[in-house]
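1. No sequence on hand, only this structure:
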């Protein structure tokens, strides 16, 4: 991955070179309709990334294929290079999440990266809702996601970024070296709809300054890519909140070229942010699919 902000981190780890077996995780997930359900028909995997099978736990949408991505390494370490490809055939419905939070371990050399490609075909519906990302002290992580979908398809994409381990050894709030996350969206013909990028280098510029995170610690970034009609229905039901009594703020805005909505949530702790993201998810699903999000599992 060629990214300008990685220039200072080209040194190889002393333990094992970057991208070697065990550090080059790969997943390819392909979904297709099989009768009344969406099935996981293509599954290619390489350690430490793992998916076992699709499950059907969502009682609101019984045909929804639910897939959990597992990182058997227990965390992302220096030199890791992950790739994930997800494709939904026409009319498919799927929910993709992770087993636990993504922990970006402390680093003294190199960096870790993940490249992701998401392709949706006509009338496909995908919820990509992983657990939060926790960057440890001196970690360096770069993620790049490319999305291709027609106007008839819908993608709900979310990421929640923690400031670090807030209560470990006195706290590691914004003590990581680098977090870079970029996403681009195209139509099937190749027309680019928009691109966005978050680049956080706390040692260079504090995220706590006004105009960035201000007094907040946790960022929830949600993108709803759907039709113009669906966008307007959701926007009408999700008013901006300047500052809630529980210590969070949120607001939605239209994306360029009729691509959908961008919804941002800021909070001091993860739970209010996760709850607000879940509320947006349920509102969006009700507006697009006619069914709310399922009840939250007590253990997640």
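-> Alright, I've got the coordinates. Model, not experiment: these values are computed from the prediction.
2. Do a quick rundown of the helices in the protein.
-> 228-237, 270-289 (DSSP state H).
3. Kindly state which of the ones you listed is positioned closest to residue 260.
-> Nearest to residue 260 among those is helix 228-237 (5.2 Å), distances taken as C-beta to C-beta. To be clear about C-beta, it is placed using only N, CA and C from the backbone, and glycine gets the same treatment.
4. re earlier: so which of the helices of the chain comes closest to residue 95?
-> Of the helices of the chain, the one closest to residue 95 (C-beta to C-beta) turns out to be helix 270-289, at 10.0 Å.
5. Report pLDDT for the nearest residue to residue 44 once chain neighbours are set aside.
-> Distances taken as C-beta to C-beta, 6 or more residues apart in numbering place residue 28 nearest to residue 44, at 4.0 Å, with adjacent residues excluded. pLDDT recorded at residue 28 is 98.
6. does residue 28 really touch residue 46, like I thought?
-> No: between residue 28 and residue 46 there is no contact under C-beta atoms under 8 Å: 9.5 Å.
7. how much space between the residue lying closest to residue 1 once chain neighbours are set aside and residue 77?
-> Distances taken as C-beta to C-beta, 6+ apart place residue 113 nearest to residue 1, at 4.9 Å, with adjacent residues excluded. Distance of residue 113 to residue 77, computed by C-beta to C-beta, to the nearest Å: 12 Å.
8. What of residue 198?
-> 22 Å.
9. Please identify which of these two sits among more neighbours.
-> A direct count of neighbours by other C-beta atoms under 10 Å for residue 198 and residue 77 places residue 77 higher, at 20 against 15.
10. OK, contacts around that one?
-> Counting by C-beta atoms under 8 Å, 6 or more residues apart in numbering, residue 77 touches 23, 105, 107, 112.
11. next one: residue 293
-> Residue 293 sits next to 60, 278, 281-282, 285 when contact means C-beta under 8 Å, 6+ apart.
12. How about residue 50?
-> 69-72.
13. from the residues you listed, which single one is nearest residue 3?
-> Set against residue 3, the nearest of the contacts of residue 50 by C-beta to C-beta is residue 71 (21.8 Å).
14. wait, the closest one sits on residue 48?
-> Yes: shown here, residue 71 and residue 48 form a contact pair, counting by C-beta under 8 Å, at 5.6 Å.
15. And for residue 273, nearest residue in space, chain neighbours not counted?
-> residue 267 (4.1 Å).
16. that older thread, just put the contacts of residue 77 in CSV and tack on pLDDT.
-> Formatted as CSV, the contacts of residue 77 follow (pLDDT from 0 to 100):
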residue, pLDDT
23, 92
105, 96
107, 96
112, 96
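17. Return, as residue ranges, the portions of the stretch 151-300 of the chain with sub-threshold pLDDT.
-> Applying pLDDT under 70 to the stretch 151-300 of the chain flags residues 245, 300.
18. Run a quick neighbour tally on the closest residue to residue 75 other than its chain neighbours.
-> Distances taken as C-beta to C-beta, 6+ apart place residue 103 nearest to residue 75, at 4.0 Å, with adjacent residues excluded. Residue 103: 20 surrounding residues under other C-beta under 10 Å.
19. Any idea which residue is closest to the centre of this structure?
-> residue 159 (3.6 Å; C-alpha atoms, centre = their mean).
20. Contact partners for the residue nearest to that residue when sequence neighbours are not counted?
-> Closest residue in space to residue 159, ignoring its immediate chain neighbours: residue 221 at 5.1 Å, by C-beta to C-beta, 6+ apart. When contacts are counted by C-beta under 8 Å, 6+ apart, residue 221 touches 158-161, 198, 262-264.
21. out of the residues you listed, which are buried?
-> Among the contacts of residue 221, those scoring as buried are 158-161, 262-263 (criterion: 16 or more other C-beta atoms under 10 Å).
22. Which residues are in contact with residue 183?
-> If you count contacts by C-beta under 8 Å, 6+ apart, then residue 183 has 144-147, 157, 195-197, 223 around it.
23. if we take those, which one ends up nearest to residue 84?
-> residue 145 (8.9 Å).
24. can you count the residues close to the closest one?
-> Considering only other C-beta under 10 Å, residue 145 is surrounded by 19 other residues.
25. One more: residue 17?
-> Neighbour count of residue 17, defined by other C-beta under 10 Å: 11.
26. Just give the closest residue to it, not the sequence neighbours.
-> The shortest distance from residue 17 to any non-neighbouring residue, by C-beta to C-beta, 6+ apart, is to residue 79 (6.7 Å).
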